[in-house]
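Trainee: Quick one: sequence plus predicted model below, questions after.
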Amino acid sequence: MQYETTLSLSDDPVAQAKSAFGILNAGAAAWAFAEHAERLARVFGVDVVSTPRPYNYVLAYDEPAELGEGTSFVPQDGIAVAADKREIARCFHRAVVCTPHTYLVDTPAEVEAIVSTSRDCEWCLKWPTSCGAAGHRLLISDEVVPENWPRPYVVQEFIRQESPEVFRTYGVGGSMIGWVVRRFDAEAAWSPWVAHARGAHYADAGALPPDAAKQAQRALEATGLWPTFGCVDLLRAPDGSWLVLEVGTDGLWGYVDRDLGLPALEQQLDAALAHAFLTWCHESY
């Protein structure tokens, strides 16, 4: 699907109501989103604002509960789910999204029981609100699990790969865009966590496999992000099936990495997101 990169509010009869739309970036966390807010403002052709407008692309705001229903392009419930791996796990379980085996448990004894009784699998303990795999750790039998870890514990099967790689696709306005792979350079030190923040790089992975697309769409639907914007990280299981690791989106606690090193895809994502946001604004106004 192609999008006009020049789509702007001036193309629509409601251009005179431009003050109703904005990139909301305000409060204590606004500094972390400032560069991204300016990027979106240029792409969308709308202002960065510090007070809510009737229709917003919400990045940072200290009192999100004050925002009325339907005033955030990316729904607040979806933002909250994407920011917490415990909520992601619950949504995926309800929607039967294919994932590595994942357990939410409340005590160190339950963590130890999973590790010690499932010796045919490797396991990891995930910090529930981390970005870039910060805080994640591999688990071994008899390991002492920190008492101060956020509960419930997110215990997930770790699928070891000879050449670690994670794939990503993007859902924008109800359509899937792009298929990229994240991996380390051949000379880089091996890490179990294939994160951009840990030195992994993106590459074009070609056509999106239908089975991966199916699982990605199901994941975005389960988390409420499919009609708006979200990305999905997946990996290939040893049997060749596609497993979803997590979803991500923009707003309040983080934003989807756009530094892909793939200019054509970056431009396509920008154009598609601008089209989806401005269409939502126009239809909602």
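Mentor: Happy to help now that I have it.
Trainee: so where's this protein uncertain?
Mentor: Where the chain drops to pLDDT under 70, the residues are 1-17, 141, 188-189.
Trainee: which stretches of this structure form helices?
Mentor: In the chain, helices defined by DSSP state H lie at 30-44, 76-82, 85-95, 108-117, 210-222, 263-284, listed in chain order.
Trainee: Check which helices and strands the first one is in contact with.
Mentor: Contacts defined by 3 or more C-beta pairs under 8 Å, 6 or more residues apart in numbering; DSSP states H and E place helix 30-44 against strand 21-25, strand 48-49, strand 55-60, helix 263-284. C-betas here are computed from N, CA, C, even on glycine.
Trainee: list the buried ones in that helix?
Mentor: By neighbour count, with 16 or more other C-beta atoms under 10 Å as the criterion, the buried positions of helix 30-44 are 30, 33, 36-37, 40-41, 43-44.
Trainee: Format those residues as a markdown table; extra columns: distance to G261.
Mentor: Rendered in a markdown table, the data for these read as follows (distance: C-beta to C-beta, whole Å):
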| residue | distance to G261 |
| --- | --- |
| A30 | 27 |
| F33 | 21 |
| H36 | 17 |
| A37 | 22 |
| L40 | 20 |
| A41 | 23 |
| V43 | 18 |
| F44 | 23 |
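Trainee: Next, count neighbours for the nearest residue to A197 once chain neighbours are set aside.
Mentor: Leaving aside its sequence neighbours, A197 sits nearest to G132 (C-beta to C-beta, 6 or more residues apart in numbering; 3.1 Å). Other residues near G132 number 14, with proximity taken as other C-beta atoms under 10 Å.
Trainee: What residues are bridge-paired with the residue nearest the centre of the chain?
Mentor: In the chain, the centroid-proximal residue (C-alpha atoms, centre = their mean) is G248; its distance is 0.8 Å. When bridges are assigned using DSSP bridges, the partners listed for G248 are C231.
Trainee: if I pick the nearest residue to E122 once chain neighbours are set aside, what's in contact with it?
Mentor: Computed as C-beta to C-beta, 6+ apart, the closest residue to E122 that is not its neighbour in sequence is F158, at 4.2 Å. With contacts defined as C-beta atoms under 8 Å, 6 or more residues apart in numbering, the neighbours of F158 are 100, 121-124, 138, 192.
Trainee: ok, these vs G173, which is closest?
Mentor: Using C-beta to C-beta, P100 is the member of these that sits closest to G173, with 28.8 Å.
Trainee: The closest residue to that closest one other than its chain neighbours: neighbour count?
Mentor: Take P100 and drop its neighbours on the chain: the residue closest to it by C-beta to C-beta, 6+ apart is E157, 4.0 Å away. One way to gauge burial is a neighbour count; for E157, by other C-beta under 10 Å, it gives 17.
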